[in-house]
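In: what's the 3D shape of this:
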Amino acid sequence: MTERQFVKTDIHERIAILTIDHPPANAFNGQTMSDLNAAFWEVHEDAAVKVIIITGAGPRFFVAGADIKELAAAGAQGQGRAMIEFGQATFAMIEASRKPVIAAVNGVCLGGGMELFLSCHMRIVSSAARLGQPEINLGIIPGWGGTQRLTRQIGVARAMEIILTGDLLDAAEAQRLGLVNKVVEPGKVLDEALALAVKIASKGGLAIRASVKAICEGLKMPLADGLKLEVDEMVALLGSSDAREGFSAFVEKRPPQFSDSW
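Out: This is a model prediction of the structure:
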């Protein structure tokens, strides 16, 4: 794996862990976002990787947000659009991944950190975490997908309140809103995310990718089109070696040994 300044990559049992490590608060400056973009693409294209975890270094911060000084300077120099569009493209790539992406939120998750969180498919969160889109307090709005993904995930009224007040959510409220898969004790977040990733990675790779595709692309379609997509994916899988192995293992009452191949 390529060494990068602010995002560390570790591969563990077919699981890639990307750790954002930009002291003191893991804020997104241009280099950190560039490192995340490149690191994610590298593990996404690695055939040995089946699940991706994104987390923050240290116990206090997932990502505290964008680097405000750099954002202000970009705006003053007429470079704000390029910075915003690159961040949007990075998070869109994560959301569009056909490999499951788990956010392991170990602490503060604000602004751009919340937008990264929203682009991940599943989320494990520390009970001490605080989440939100406080951009309104700076006279700006979420620009890396927050106005769109948060609204689609929790509805207009609640997203409008969170974005217009800048108020923060605790982990329990985020879970109540359906944003979080599981809330765990501080210090247990990465372990819990790894346990979830290991369980998913034990399944057939073809079925994992097809499931993520059907869910994520189906959400963008009318129901009838989504159902057709589901049929197409299911029919294709029925002819795969993974399905043959799964059926045989079921009949023979043994754990399947998937090859992740057709």
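
In: Find me the pLDDT at residue 4, would you?
Out: Residue 4 carries a pLDDT value of 95.

In: Report the contact partners of it.
Out: Contacts here follow CB atoms under 8 Å, 6 or more residues apart in numbering; on that basis residue 4 touches 35, 38-39. In short, each C-beta sits where N, CA and C put it, glycine included.

In: In what element of secondary structure is it found?
Out: If you go by DSSP states H and E, residue 4 is not part of any helix or strand.

In: my read is residue 16 is in a helix, agree?
Out: No - Residue 16 is assigned strand when assessed by DSSP: H, G, I helix; E, B strand; the rest coil, not a helix.

In: got the phi/psi numbers for the residue positioned nearest the centre of the chain?
Out: Nearest to the mean C-alpha position of the chain, by CA atoms, centre = their mean, lies residue 120 at 1.8 Å. Note on residue 120: its backbone torsions stand at phi -80, psi 150 [degrees, to the nearest 10].

In: any idea how far residue 54 is from the closest residue to it other than its chain neighbours?
Out: Counting by CB to CB, 6 or more residues apart in numbering, residue 120 lies nearest to residue 103, which is 3.9 Å off, once chain neighbours are set aside. In this view, residue 103 and residue 54 are 6 Å apart by CB to CB, to the nearest Å.

In: Identify the contacts common to those two.
Out: Common neighbours of residue 103 and residue 54 (CB under 8 Å, 6+ apart) are 116, 120.

In: what are the ranges of the helices in the stretch 51-200 of the chain?
Out: 68-76, 80-96, 112-119, 146-154, 156-165, 171-176, 189-201 (DSSP state H, counting those that start in this stretch).

In: Send over the longest one as PDB, restricted to the C-alpha atoms.
Out: Extracted as PDB, the C-alpha positions of helix 80-96 are listed here (Å, rounded to 0.1, in the frame of the first residue of the first chain):
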ATOM      1  CA  GLY A  80     -13.800  27.500  -3.400                       C
ATOM      2  CA  ARG A  81     -15.700  25.600  -6.200                       C
ATOM      3  CA  ALA A  82     -12.700  23.300  -6.900                       C
ATOM      4  CA  MET A  83     -12.300  22.500  -3.300                       C
ATOM      5  CA  ILE A  84     -16.000  21.800  -2.800                       C
ATOM      6  CA  GLU A  85     -16.400  19.800  -5.900                       C
ATOM      7  CA  PHE A  86     -13.400  17.600  -5.100                       C
ATOM      8  CA  GLY A  87     -14.800  16.800  -1.700                       C
ATOM      9  CA  GLN A  88     -18.200  16.000  -3.200                       C
ATOM     10  CA  ALA A  89     -16.500  13.700  -5.800                       C
ATOM     11  CA  THR A  90     -14.600  11.900  -3.100                       C
ATOM     12  CA  PHE A  91     -17.700  11.200  -1.000                       C
ATOM     13  CA  ALA A  92     -19.700  10.200  -4.000                       C
ATOM     14  CA  MET A  93     -17.000   7.700  -4.900                       C
ATOM     15  CA  ILE A  94     -17.300   6.200  -1.300                       C
ATOM     16  CA  GLU A  95     -21.100   6.100  -1.500                       C
ATOM     17  CA  ALA A  96     -21.000   4.500  -4.900                       C
END
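
In: What helices and strands are in contact with that helix?
Out: Identification of packing neighbours for helix 80-96 by 3 or more CB pairs under 8 Å, 6 or more residues apart in numbering; DSSP states H and E yields helix 30-44, helix 68-76, helix 112-119.
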